[in-house]
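[1] Here is a sequence with its predicted model. Questions after.
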Amino acid sequence: MAGAELTAPEALLAWLEHLAHERRLSPRTLEAYGHIGRLYVAFLERHRGEALTLKALGTVTAAEVRAHLADRRSGDHPLAARSLSQTLSAIRGFHAFLDRRLDTPAPQLALVRGPRIKPSLPRPVTEDQARGLLAEPDADPDAEPWEAARDRAVLTLLYGCGLRISEGLSLTQADAPLGETLRVLGKGSKTRIVPVLPAVRAAVDAYLALQPFPLQPSDALFRARRGGPLSPRHVQASVQRLRGRLGLPERTTPHALRHSFATHLLGAGADLRSIQELLGHASLSTTQKYTGVDAERLLNAYAAAHPRA
């Protein structure tokens, strides 16, 4: 089909296929971009009262994009400023693809500004809170011993290696037993090597010694109660339950353990470039957020201890 004959939904599908096969984005990111794109195209078609073609996407006005963002900011599920900014970023990415690959620029898009977002610092937990969280699964009266060992192993991986949930749960039986380093497939299918602490190896070994399911090398290492792969939702719910028992703040999430890994390393004297490599950040500016956390911690300690504070 010639480019000029494409419908807007077909152009959207072409963009998503590009993201999946050439950019190799994760399924979750693709799902989010697809949702944003479908809502955007549907809004434009309602706004104009007709089905859109690829050519019509090149005539989108700044006013129409602003109207769509205003629509996403209202209703039953209004978007916060950060989510609205991500929506506009996805729309820009879609139109950039149409410009580069399908020769359909939308010049008016350059006139649209995103919402102002106050930079937020990562929300780590303290070292004592992290230690308490890692130990608490063993005290869960409702968990089988192998399930408690599994939850402790997963949380120890997130904190001890600085992994995202998806990275920890992507480990397979072929990765076990863990060695002194671990090859991690992160965002954008980028691979990094992270050191494995003895405590992390011990936690994973303890789980493997107790888990009851026969596993093939390609099977997910961490299993749910009925034998299927463990889901991110389970890890999130487990941490929510554990933090409630420990009286920890709501910011205590699985991802907060990754933040804590970086913040505690920085506080112990690690350099930013090394932390960037361990976390798999594409840009050093992303890692530099942790200097703000450490500075905030120092200022709080100063305020608490200094006689004239």
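    Ah, there it is. Model, not experiment: these values are computed from the prediction. Residues are numbered from 1 along each chain as shown.
[2] Could you list the low-pLDDT ranges of this protein?
    Scanning the chain for pLDDT under 70 picks out 1-4, 118-123, 268, 271-272, 276, 280-309.
[3] Which parts of it are strands?
    For the chain, the strands defined by DSSP state E cover 181-185, 191-195.
[4] In JSON lines: those, plus mean neighbour count and distance to residue 53.
    The way it works is simple: take the backbone N, C-alpha and C, and place the C-beta from them, glycine included. Supplementary listing: these in JSON lines, determined by neighbours: other Cβ atoms under 10 Å; distance: least, Cβ to Cβ, whole Å:
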{"stretch": "strand 181-185", "mean neighbour count": "16", "distance to residue 53": "39"}
{"stretch": "strand 191-195", "mean neighbour count": "14", "distance to residue 53": "41"}
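[5] Can you add distance to residue 17 and give the ones you listed back as a markdown table?
    Below are the strands of the chain laid out as a markdown table (distance: least, Cβ to Cβ, whole Å):
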| stretch | distance to residue 17 |
| --- | --- |
| strand 181-185 | 21 |
| strand 191-195 | 24 |
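[6] Select, out of those strands, the one closest to residue 235.
    strand 181-185 (16.4 Å; Cβ to Cβ).
[7] Partner strands of the closest one and their direction?
    Its sheet considered, strand 181-185 pairs with strand 191-195 (antiparallel) by DSSP bridges.
[8] contacting residues around the partner strand?
    Residues outside strand 191-195 that contact it (Cβ atoms under 8 Å, 6 or more residues apart in numbering) are 161-163, 180-186, 277-278, 280.
[9] Closest one of these to residue 225?
    Closest to residue 225, out of all of these and judged by Cβ to Cβ, is residue 163, at 22.5 Å.
[10] Check the spacing between the nearest residue to that closest one once chain neighbours are set aside and residue 143 real quick.
    Nearest non-adjacent residue to residue 163, counting by Cβ to Cβ, 6 or more residues apart in numbering: residue 157, 5.5 Å away. Residue 157 sits 18 Å away from residue 143, going by Cβ to Cβ, to the nearest Å.
[11] Tell me if I'm right that residue 143 and residue 149 touch.
    No: using Cβ atoms under 8 Å, residue 143 and residue 149 do not qualify as a contacting pair, with a distance of 9.0 Å.
[12] Neighbour count for these two, which is higher?
    Using other Cβ atoms under 10 Å as the criterion, residue 143 and residue 149 rank with residue 149 on top: 22 against 18.
[13] For the residue nearest to that one when sequence neighbours are not counted, which residues are in contact?
    Distance criterion Cβ to Cβ, 6+ apart; nearest residue to residue 149, sequence neighbours excluded, is residue 207 at 4.3 Å. Taking Cβ under 8 Å, 6+ apart, we find residue 207 in contact with 146, 149, 150, 152, 153, 222.
[14] In helices only, show me those residues.
    Using DSSP state H, the subset of these located in helices is 146, 149, 150, 152, 153.
[15] List just the nearest of these to residue 267.
    Closest approach between these and residue 267, by Cβ to Cβ: residue 152, at 23.9 Å.
[16] So the closest one versus residue 247, what's the distance?
    From residue 152 over to residue 247 the distance is 19 Å, taken as Cβ to Cβ.
[17] So between those two, which is more surrounded?
    Neighbours per residue, other Cβ under 10 Å: of residue 152 and residue 247, the larger number sits with residue 152, 22 against 9.
[18] Now the more buried one: closest residue in space that isn't a chain neighbour?
    Nearest non-adjacent residue to residue 152 (Cβ to Cβ, 6+ apart): residue 137, at 4.5 Å.
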